[in-house]
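[1] make a model of this:
(one chain, ligands or ions: 2)
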Amino acid sequence: MATPRVLSIQSHVVRGYVGNKSATFPLQLLGFEVDAINSVQLSNHTGYKHIDGQILDEKDLDKLITSMRGNNLLHYTHLLTGYIGSPAFLSKIAEVVKELKANNPNLLYVCDPVMGDDGKMYVPQSLLPIYQETILPLADVITPNQFEMELLLGQKVESIEDAWRAIEAFHGKGCGTVLVSSSTLGAKDELIALSSKKIDGKSVRVMASIPMLDAHFTGSGDLFSALTLAWLHKTGGNTQLSLDNVIYSLQAVLKRTLNKALGKEDFKYYEASL
Ligand SMILES: Nc1ncnc2c1ncn2[C@@H]1O[C@H](COP(=O)(O)OP(=O)(O)O)[C@@H](O)[C@H]1O
Ligand SMILES: Cc1ncc(COP(=O)(O)O)c(CN)c1O
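    Ligands and ions are numbered 1, 2, ... in the order given. Sure thing, here's the model as predicted:
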């Protein structure tokens, strides 16, 4: 099989790991060619006290795409989008999706509608209607977190039943596969991830419980969407196997991140015994 090639349109940060900085290397390790367009170049992620840099607009994106078109380079198996900083840039992405799908009707578009977390938006509010009206109908797979699901739906999601209803509404808009990266709809010490895929008119649903680590991670959502893209490809679109693999590898990464931050030894050999 030819090497899959992803066009990844997300943020770049000088310091740290979010956006393309967190998606590119794992995707490469999993066997993907990754071509990155940095929707913004920022000093650091938006949680810091100071933040500055450049935000690309639709003309910047058009220049890159026009030149690539001239070289016949717009041939991809996957498109991945994440943090976008400008509404005009996001609208332009709709045209890019259509062109890439015209060049490869089998292209899979994985959209992480990155807008915020824990009740706070960290992108301009004007992105929301563009995601709702223009981007969602074009996406094959979406990976919102609980807050983003609520924003897209325009309604609170307060129970698992609410979440399934929200997911059905996204299916109704044309998204065949929905993975909710995390929600706090379960017990106090767990995160719940949900996935649903429309197969022959039926929704095949999977729910996973993740033991919650006592820390707040940035970039974990970007890793989630990149790994989801990779595992959906490797499993032929099996959402159960993909979610299992994504969560398993994410937990290993987050535990190592936490251990490093706490100054604990990063890796130890243990005797495995019953
Ligand atoms: N505190 C945590 N404890 C355990 N796993 C976490 C934690 N935060 C994030 N994760 C992992 O990262 C994935 C992405 O979730 P999250 O970071 O909430 O996404 P987003 O950044 O889009 O809000 C989850 O599915 C989960 O596997
Ligand atoms: C520049 C940038 N890119 C991407 C993200 C998304 O991060 P996450 O994976 O935690 O959703 C953030 C969130 N702070 C960000 O500031």
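[2] what parts of the stretch 101-250 of the chain come near ligand 1?
    By Cβ under 6 Å from any ligand atom, the residues of the stretch 101-250 of the chain that approach ligand 1 are 117, 145, 181-182, 191, 193, 210, 212-213, 215, 217, 220-221, 224, 247, 250. Every residue, glycine included, has its C-beta placed from N, CA and C.
[3] residue of the stretch 151-274 of the chain closest to ligand 1, please.
    Using Cβ to the nearest ligand atom, the single residue of the stretch 151-274 of the chain nearest to ligand 1 is residue 221, 2.2 Å away.
[4] quick one: residues contacting that residue.
    By Cβ atoms under 8 Å, 6 or more residues apart in numbering, the residues touching residue 221 are 112, 114, 117, 143, 145, 181-182.
[5] one more time with 7 Å
    112, 114, 145, 181 (Cβ atoms under 7 Å, 6 or more residues apart in numbering).
[6] tell me which helix or strand residue 54 sits in.
    strand 53-55 (DSSP states H and E).
[7] pLDDT (mean, whole number) over that strand?
    Throughout strand 53-55, pLDDT has a mean value of 98.
[8] just stretch 87-100 next, same as before
    98.
[9] let the chain start at 569 from now.
    Yes, from this point I'll number from 569; that puts the last item at stretch 655-668.
[10] of the residues of the stretch 669-818 of the chain next to ligand 1, just the buried ones, PyMOL syntax please.
    Listed next is the PyMOL selection for buried residues among these, using 16 or more other Cβ atoms under 10 Å:
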select buried, resi 685+713+749+750+759+761+778+788+789+792+815+818
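[11] among the residues of the stretch 669-818 of the chain next to ligand 1, which are located in strands?
    Among those, the ones falling in strands (DSSP state E) are 685, 759, 761, 778.
[12] re earlier: wait, which of the contacts of residue 789 is closest to residue 598?
    residue 680 (16.9 Å; Cβ to Cβ).
[13] distance check, the residue of the stretch 719-842 of the chain closest to ligand 1 against ligand 2.
    Shown here: residue 789 relative to ligand 2, a distance of 3 Å by Cβ to the nearest ligand atom, to the nearest Å.
[14] one more: residue 656?
    18 Å.
[15] could you do residue 622 as well?
    For residue 622, the distance to ligand 2 - Cβ to the nearest ligand atom - is 12 Å.
[16] same question, residue 683
    In terms of Cβ to the nearest ligand atom, residue 683 sits 9 Å off from ligand 2.
[17] report how many residues lie close to that residue.
    22 (other Cβ atoms under 10 Å).
[18] try residue 573
    Residue 573, neighbours per other Cβ under 10 Å, totals 16.
[19] just say helix, strand or coil for residue 641.
    coil (DSSP: H, G, I helix; E, B strand; the rest coil).
[20] can you report phi and psi for it?
    phi -110, psi 10 (degrees, to the nearest 10).
[21] do the same with residue 646
    Dihedral angles (degrees, to the nearest 10) for residue 646: phi -140, psi 150.
[22] can you tell me how far the residue lying closest to it once chain neighbours are set aside sits from residue 713?
    Once flanking residues are discounted, residue 646 sits nearest to residue 574: 4.3 Å by Cβ to Cβ, 6 or more residues apart in numbering. According to Cβ to Cβ, to the nearest Å, residue 574 and residue 713 sit 21 Å apart.
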